[in-house]
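Student: A predicted structure for the sequence below; I have some questions about it.
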Amino acid sequence: MAQLSGEMWIDGYGRQDARNFVQTLLQRGMRTTSIRRRLNCLSAIFNYAYAEYEIDGRNPFTRVLIAKEGADSVKRLPIDTDGLQGLYEACLATDKPLRWAIPILGETGCRIAEIIGLRRSDVSPDAISIKIIAHSARRLKTSGSERELPLVGYATVAMQKLIDTDNNDYLFPTYVRDG
């Protein structure tokens, strides 16, 4: 933003700055849905600043029009089963535990942090289910995110490999900071 309009106080930005921002991103080839996400982030930042600094006025990044918004969307096809199986098998064939997380992610639909933050105690003794719960090294996105999930197929194989590999409390200790 500062590259387009220069550095100024938060109340110095106007509607034209928002339009210039949109135009610049369109010229760079960014899709309109991505531009909308960026505008929403900026709008939230400006709303916070307006409230925190008691600035009167209208947020210039609220309800900005983007020409032909959504018309440039591309329908993505799902990855075919053979492609997923090949990916999972390649991951399991390595000796890198982080790659073993991929079949678990793919088969459970969990968020990355939920899997990377798993503790040994979150896994059932037979490695066929996991508990996603908050703890000192990982918070959950919402209180409703707490759940128990079954592991099937490649996810079960990956989890068994993780359990057999190390005796650390965390399954991915390199990527976790407790506390």
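Tutor: That came in fine, so what should we check first?

Student: Leaving out sequence neighbours, find the closest residue to Ala67.
Tutor: Leu26 (7.6 Å; CB to CB, 6 or more residues apart in numbering). (C-beta placed from N, C-alpha, C; glycine too.)

Student: residue ranges for the strands of the chain, please.
Tutor: Using DSSP state E, the strands of the chain run over residues 129-132, 147-150.

Student: now those strands in a markdown table, with mean pLDDT?
Tutor: Listed next are the strands of the chain as a markdown table, based on pLDDT from 0 to 100:
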| stretch | mean pLDDT |
| --- | --- |
| strand 129-132 | 97 |
| strand 147-150 | 97 |
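
Student: Could you look over those and pick the most buried one?
Tutor: strand 129-132 (a mean of 19; mean count of other CB atoms under 10 Å).

Student: Just the residues contacting that strand, thanks.
Tutor: Strand 129-132 is touched from outside by 104, 108, 110, 114, 118, 122-124, 140, 145-151, 159, with contacts defined as CB atoms under 8 Å, 6 or more residues apart in numbering.

Student: Now restrict those to buried residues only.
Tutor: Neighbour-count burial (16 or more other CB atoms under 10 Å) applied to the contacts of strand 129-132 gives Ile104, Thr108, Cys110, Glu114, Leu118, Asp122, Val123, Leu140, Leu149, Leu151, Met159.

Student: ok now do the second one, which residues does it touch?
Tutor: If you count contacts by CB under 8 Å, 6+ apart, Thr108 has them with Ile115, Ile130, Leu149, Leu151, Ala155.

Student: What distance do you get for it to Ile45?
Tutor: Using CB to CB, to the nearest Å, Thr108 is found at 33 Å from Ile45.

Student: Appreciated, that's everything.
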